[in-house]
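Novice: One predicted model, sequence on top.
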Amino acid sequence: MPYATAPDQARIHYDVRGSGEPLLLLAGQANAHNWWDGVRPALDAEFRTIAADHLGTGASDAPHAAEYSTRRFAADAVAVLDDLGVERAHVYGTSMGGKIAQWIAADHPERVGALVLGCTSPGGPNAVNASSAIARALGSPDREAARRTLIGLMFTPEWTRHDPGPYRVLGDASMEPHARRAHLAASRAHDAWDALPSITAPTLVLHGTDDAFAPAANAHLIADRIPDARLHLLEGARHAYFEERAEEATKAVMDHLRSHRLHMAAQSAPLGRGT
C-alpha cells in the first residue's frame, strides 16, 4: 500500500490506476479516494489517475494534533506527486477537493497542467453558503434523517429512484470523530479569494445548477476570479453532478484535459514506487 510523507511526517495513502498523463483527483470533505470510483474507469482509460486519502480519511494517518486545513491538504497532495516522481499533473477537485485544488494551483503553479474545479466555493466572506436550514438538517441528532438530507443534496429524486445506493459520496464511515470535525472546520475556514487571480493553469469550472449544498453562484464567482476560466453548468444537477451526469461531465473534463496536454518529456518516465 503506497504512502507519501507529508511535511509534518503524517502518512498519506494514495491509489494509482490507468495510464497516460497524470491526473490528480481530489475528493470531497470527509471522503476517501473511493469518492471517485463511479467515474474513475472512464478517466483511467486515457489518464494515469492518482487519488489520495485526505489526512484523517481512508488509510491515511489521522493525528489529533495536526493542522487540518485546505491549504495543508494541498501540501499533502503535492507530497503525493513528489513520492511518485510526477513533476506536473492535471488536477481535478470536487467539493472540498476543489478548494484544495485552488491552493495547489495558486501555491504550486509549476506542478499543475490543466485544472478542473467542480461543485466548489472560493470560501470566505464572498462565497455563497448553503442555507442555515440545510446546516441544521445535516447536524440533526437523527443520523438517518441527516443521511437522507445529504442524499437529497447530492442527487435528484429521479436518480435515487432508479439507483437506491449504496452511495460512495456520503463520507468515510471509518473516520474518527475528531478527524470528521476537523474536516468540517477546514472546509468552512477555506478562503482562497485573494489567491484565485494568481492561478495561471487553464481552468474549467463545473457546477450543477440545482446544487443547494454549494450554491451554483460560487461557480460564477470562481470563473470570474480566475483569468480565462471557462464555466460549464449542468442544468438541473445537484452536488454529485459528476456521478449523476457522468456522461456530460466527464466529456467536458476530458475535452478540457485533451486541449491542454502536458507535453513533458518526463511524462513517459516511470512514476515511482507507488505504481
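Specialist: In hand now; what should we look at?
Novice: Would it be right to say that residue 210 lies in a helix?
Specialist: No. Going by DSSP: H, G, I helix; E, B strand; the rest coil, the assignment for residue 210 is coil, not a helix.
Novice: residues in contact with stretch 62-75?
Specialist: Residues outside stretch 62-75 that contact it (Cβ atoms under 8 Å, 6 or more residues apart in numbering): 6-8, 10, 26, 54-56, 96, 99-104, 107-108, 123, 175-176, 178-179, 182-183, 185-187, 189-190, 192. For every residue, glycine as well, the C-beta is placed using N, CA and C.
Novice: just the helices in the stretch 1-150 of the chain please.
Specialist: In the stretch 1-150 of the chain, helices defined by DSSP state H, counting those that start in this stretch lie at 40-44, 70-84, 96-107, 132-138, 143-154, listed in chain order.
Novice: To clarify, my last question referred to the stretch 151-275 of the chain.
Specialist: 157-162, 177-189, 217-225, 241-244, 246-258.
Novice: Flag every buried residue along the last one.
Specialist: Of the residues in helix 246-258, 248, 249, 250, 252, 253, 254, 256, 257 count as buried by neighbour count, 16 or more other Cβ atoms under 10 Å.
Novice: Contact partners for the nearest residue to the fifth one once chain neighbours are set aside?
Specialist: The shortest distance from residue 253 to any residue that is not its chain neighbour, by Cβ to Cβ, 6 or more residues apart in numbering, is 5.4 Å, and that residue is residue 116. Neighbouring residues of residue 116 by Cβ under 8 Å, 6+ apart: 90, 91, 92, 93, 101, 203, 204, 205, 206, 253, 256, 257.
Novice: Check what pLDDT the second one gets.
Specialist: Model confidence at residue 91, expressed as pLDDT, equals 98.
Novice: Please shift the residue numbers so they start at 12 in all later answers.
Specialist: Understood, numbering begins at 12; the last thing we discussed is residue 102.
Novice: Would you mind confirming that it is in contact with residue 113?
Specialist: No. Residue 102 is beyond contact range of residue 113, at 9.6 Å (criterion: Cβ atoms under 8 Å).
Novice: Dump the helices of the stretch 162-286 of the chain into a markdown table; add mean pLDDT and distance to residue 93 as well.
Specialist: Formatted as a markdown table, these follow (pLDDT from 0 to 100; distance: least, Cβ to Cβ, whole Å):
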| stretch | mean pLDDT | distance to residue 93 |
| --- | --- | --- |
| helix 168-173 | 96 | 38 |
| helix 188-200 | 97 | 22 |
| helix 228-236 | 98 | 27 |
| helix 252-255 | 98 | 27 |
| helix 257-269 | 98 | 22 |
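Novice: Of all those helices, which one is nearest residue 152?
Specialist: Of all the helices of the stretch 162-286 of the chain, helix 188-200 sits nearest to residue 152, with 14.2 Å by Cβ to Cβ.
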